[in-house]
Each structure stands twice: as C-alpha cells, then as structure tokens.
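Colleague: fold the stuff below for me.
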Amino acid sequence: MTHVSPCRPLRPSRLSRSSPSFRFPWGRSLLAGAVALSGLATGAVPADAHDRVGGDRLTVTVRQAGRADGTYLLRCHPGGGSHPDPGGACAVLDRRTTWGRAPFAPVPPDALCTMRYGGPATARVTGTWAGRPVDASYDRADGCEIARWDALVPLLPAQDDRLRQ
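Modeller: From the prediction side, this is the model:
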C-alpha cells in the first residue's frame, strides 16, 4: 500500500539551512500572523468596521410638523442619539423589518389611495438600517402616504389629523 501525502514535501535545495522556514516549516505562518496582529495593536481597523458595529444609524429630518420639526439622529443596537424616543423608534423599525418586510419601501405605484389630505408635514430618513442604505421621503398627501407615515410612529412624529380637516 502506498501512502500519498496531501502536502508537497519541502525541497531542501530551495531553502538554505539558515532560513527560519527551513528549521520551522510553520515559521512563515507565524510571522504572517504576528504582522497581522501588530496592525490590530496599533489601532488599524478596516474602514467599514465602524459601520458594521452598531451600524443602524438614521438621520430623521421633519418639516412643517409643528413642535416636532427638526433633525434627529437615531442609533439602534444599542439605542441612542438625539431622537425624542430612541427606544420606541428602534422597536417599531425592528417589528417592521421582520419577515423580509422593508420598513422604508415607497407606496406601490399601482396602489389605490384615498384622496384624504393629512397636512403639510414632510420627513426624510437617511442612513443605514439592517446593513442597507436608506434614503426615504415621507409626506401626508393621500391615504396611502398617511398610512405609511403612521406605520413608523414614533420614528416619525404622530400627527393629529382631526386638527387638519
């Protein structure tokens, strides 16, 4: 029975006896590992590492919504930022993201919407959610847009439609 080695044998003629790799076949791997670790010790991190850790960051800009007007930063996982209700906003986004739903999807072009006007409030949400870029605009121009806005309260401020009719 012949034994076949999965590795190619070292050829001593290609390596000198003074080479560290000749004495220790794993020497090059050890050296490469040490070089890689030294980069971590000096604080070198990949450019996108900060986005991957705590990457759920959104900027919410609200206009013509009364006291809720402004620009807010929302961080989730862990929650924080300048948003008035980061815990509630993160929770509604988490619920709307489950089972493949897209919380920032626009109203489908073929949707049948009521001609109900919900007021002049507008909002824009930009940033990163669930590892994907977000750039979504909101208004309250018809029933579909009102429902889309209301589905994201408290990320977007609640609007009292009775005052606008």
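Colleague: for the chain, name the helix or strand with the lowest mean pLDDT.
Modeller: helix 49-52 (a mean of 39; mean pLDDT, DSSP states H and E).
Colleague: pretty sure residue 144 sits in a helix.
Modeller: Yes - according to DSSP: H, G, I helix; E, B strand; the rest coil, the state of residue 144 is that of a helix.
Colleague: surely residue 134 meets residue 105?
Modeller: No - between residue 134 and residue 105 no contact is recorded; they are 10.7 Å apart, counting by Cβ atoms under 8 Å. Where C-beta positions appear, they are placed from N, C-alpha and C, glycine not excepted.
Colleague: what about these two, which has more around it?
Modeller: Neighbours per residue (other Cβ atoms under 10 Å) separate residue 134 from residue 105, with residue 134 holding more: 19 against 10.
Colleague: show me the contacts for residue 76.
Modeller: 56-58, 86, 89-90, 93-94, 129 (Cβ atoms under 8 Å, 6 or more residues apart in numbering).
Colleague: show me which pair in those is furthest apart.
Modeller: The distance between the two most remote of the contacts of residue 76 (Cβ to Cβ) is 14.6 Å, for 57 and 94.
Colleague: neighbour-wise, which of these two wins?
Modeller: It is residue 57, of residue 57 and residue 94, that has more neighbours when counted by other Cβ under 10 Å, with 19 against 15.
Colleague: look at that one and give its secondary structure.
Modeller: strand.
Colleague: i'd like the first residue to be 34 from this point on
Modeller: Noted, 34 is the first residue going forward, which turns the last one into residue 90.
Colleague: how is this structure carved up into domains?
Modeller: 45-74, 82-197 (automatic domain parsing).
Colleague: can you count the residues close to residue 106?
Modeller: 14.
Colleague: for residue 145, same thing?
Modeller: 7.
Colleague: any idea whether it is helix, strand or coil?
Modeller: Applying three-state DSSP: residue 145 is coil.
Colleague: cool, residue 106 as well?
Modeller: Taking three-state DSSP, the label given to residue 106 is strand.
Colleague: just the pLDDT for it.
Modeller: On the pLDDT scale, residue 106 is placed at 98.
Colleague: just residue 36 next, same as before
Modeller: Here, the pLDDT recorded for residue 36 equals 47.
Colleague: how many neighbours does the spatially closest residue to residue 144 that is not a sequence neighbour have?
Modeller: In this structure, residue 144 finds its nearest non-sequential neighbour in residue 177, 5.2 Å apart by Cβ to Cβ, 6 or more residues apart in numbering. For residue 177, the count of nearby residues is 16 (other Cβ under 10 Å).
Colleague: please list only the buried members of the contacts of residue 109.
Modeller: 89-91, 119, 122-123, 126, 162 (16 or more other Cβ atoms under 10 Å).
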